[in-house]
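> Could you look at this predicted model? Sequence included:
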Amino acid sequence: MDSDEGYNYEYDDEEEECSEDSAEEEPEDDTLELGEVELVDPVVAGGERDECGETGGGGHGPGEEEEEDYRFEVLTAEQILQHMVECIREVNEVIQNPATITRILLSHFNWDKEKLMERYFDGNLDKLFSECHVINPSKKPRIRPPINTRSSAQDMPCQICYLNFPNSYFTGLECGHKFCMQCWGDYLTTKIIEEGMGQTISCPAHSCDILVDDNTVIDRHSSTNYL
């Protein structure tokens with residue numbers, strides 16, 4: 001009897017294991033109870049799911065998507081100049097500043113007209129012109145006509161070459177720093193030809209960051225025959 005009881009015990013264990021295996025092998029019921037949600041891997045349109053659950057690119061080859069999102073057009077120098085002129089004209093129809101000043105403002109904002117207009121009308125023009133290194137045209141001091149006196153006819157030293165010249169031989173920017181025309185010509189020639197700084201030339205005075213406008217560059221070069 002003892003042996004029979006042991007045999008029955010082992011048999012019961014084997015039967016229980018078989019029932020557990022059969023339960024695992026039974027197919028899952030596809031019917032969902034109320035409130036249950038079946039999770040399915042998403043399939044992107046144009047692609048098929050691979051073994052890892054990822055989908056293909058829908059027929060796009062490597063680099064095709066980048067080419068569609070980033071398209072560039074090569075412009076000639078004439079086209080770029082024409083685009084700059086149109087941008088200056090459109091902005092000046094609103095802010096009505098000298099074209100050379102508007103060009104410096106646009107250059108500061110990488111020729112983004114919308115960004116410039118947003119900053120221009122935010123109520124802080126002084127800060128804007130200070131960041132662009134330009135004197136606000138609306139706050140330029142009125143230049144009085146020169147008075148023909150003995151003091152104005154006397155020679156004065158240039159702060160660059162320290163040579164004496166008549167007052168009429170000096171010129172400068174709105175910041176008030178003046179230098180002789182010869183030094184102006186040499187300074188602009190060095191900046192433009194040797195250093196390639198055609199659009200960001202500052203005043204020759206020490207620690208003055210006011211930029212030289214386009215008309216000033218042309219006038220100074222023409223007056224000294226450096227073009």
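Cool, the structure landed.

> Can you pull the domain assignment for this protein?
Using automatic domain parsing, the domain parsing of the chain gives 77-139, 153-224.

> I'd like those domains written out as CSV, with distance to residue 71 and mean pLDDT added.
Every residue, glycine included, has its C-beta placed from N, CA and C. CSV is the format used below for the domains of the chain (distance: least, C-beta to C-beta, whole Å; pLDDT from 0 to 100):
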stretch, distance to residue 71, mean pLDDT
domain 77-139, 16, 91
domain 153-224, 27, 86
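
> Same list (these) but as TSV, adding mean neighbour count.
Shown next, in TSV, are the domains of the chain (neighbours: other C-beta atoms under 10 Å):
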stretch	mean neighbour count
domain 77-139	15
domain 153-224	15
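
> What are the boundaries of the helices in this structure?
Assigned by DSSP state H, the chain shows helices spanning 2-25, 64-69, 77-95, 99-108, 113-120, 125-131, 150-153, 181-189, 214-224.

> Now do the fourth one: everything it contacts.
Helix 99-108 is contacted from outside by 84, 87-88, 91-92, 95, 97, 112-113, 116, 120, 128, 131-134, 137, 199-200, 211, 213-216, using C-beta atoms under 8 Å, 6 or more residues apart in numbering.

> if we go to 10 Å?
84-85, 87-92, 95-98, 111-113, 115-116, 119-120, 128-129, 131-137, 174, 199-200, 211-218 (C-beta atoms under 10 Å, 6 or more residues apart in numbering).

> That helix to helix 113-120, inter-axis angle?
Helix 99-108 runs at 100 degrees relative to helix 113-120, counting by axes from the mean of the first three to the mean of the last three C-alpha atoms, to 10 degrees.

> Dump helix 99-108 to CSV, restricted to CA.
Output of helix 99-108 as CSV, limited to C-alpha atoms (Å, rounded to 0.1, in the frame of the first residue of the first chain):
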residue,chain,number,x,y,z
ALA,A,99,19.3,103.9,-47.3
THR,A,100,22.9,103.5,-45.9
ILE,A,101,21.6,103.4,-42.3
THR,A,102,18.9,100.8,-43.3
ARG,A,103,21.5,98.7,-44.9
ILE,A,104,23.5,98.5,-41.7
LEU,A,105,20.4,97.7,-39.7
LEU,A,106,19.5,94.9,-42.1
SER,A,107,23.0,93.5,-42.1
HIS,A,108,22.9,93.3,-38.3
